[in-house]
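Colleague: Please work out how this folds:
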Amino acid sequence: NSRGTTLFKDTISFTDASALGLFEGHDLLRRGFTSVKNELLPSHPLELTEKNFQLNQDKTNFATLRNIQGIHAPLKLQMEFRAVKQVQRLPFLHSSNMAMDILRGNDECIGFEDILNDPSQSEVMGEPHMMMEHKLGLL
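Modeller: All right, here's what the predicted structure looks like:
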């Protein structure tokens, strides 16, 4: 039937469409859940600056310290930062990171997190054995 072939001339065959992936859905088992938050761009120009505030402040302080005291001072301070970050409490205990605050000079400052970060309402509170097994990869 010549009429039938002309009607379907502009369509794509099933094998071509499946090869192109037109009929495939999102595979949750292989790719996981999609997150819209990861695909969004910052909503405000200052959002990225605010997210990286502490990193930018540390870079500025290291550069100033290097210009004043030499290369040894920022290297020593970075070594101390790494040592403090490696020491952690158990995952079910709240940590105030006092050593990091002392190194950064924030130990005498009262910030937002000091007032509104109540450890009793923290999301990390849970059963100690389950949290340690999860951290060690036993679950």
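
Colleague: Could you give the average pLDDT over the longest helix seen in the chain?
Modeller: The residue-count maximum for a helix in the chain (DSSP state H) belongs to helix 53-69. In this model, helix 53-69 has a mean pLDDT of 93.

Colleague: All further residue positions should be reported with the first residue as 48.
Modeller: All set: I'll call the first residue 48, so the last point we hit is now helix 100-116.

Colleague: packing partners for that helix?
Modeller: helix 119-133 (3 or more C-beta pairs under 8 Å, 6 or more residues apart in numbering; DSSP states H and E). C-betas here are computed from N, CA, C, even on glycine.

Colleague: The helix it packs on: which residues count as buried?
Modeller: Within helix 119-133, the residues that count as buried by 16 or more other C-beta atoms under 10 Å are 121, 124, 128, 131.

Colleague: okay if I get those residues as TSV plus pLDDT and distance to Ser90?
Modeller: As requested, the buried residues of helix 119-133 are exported to TSV (pLDDT from 0 to 100; distance: C-beta to C-beta, whole Å):
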residue	pLDDT	distance to Ser90
Pro121	93	34
Leu124	93	34
Phe128	92	31
Val131	91	33
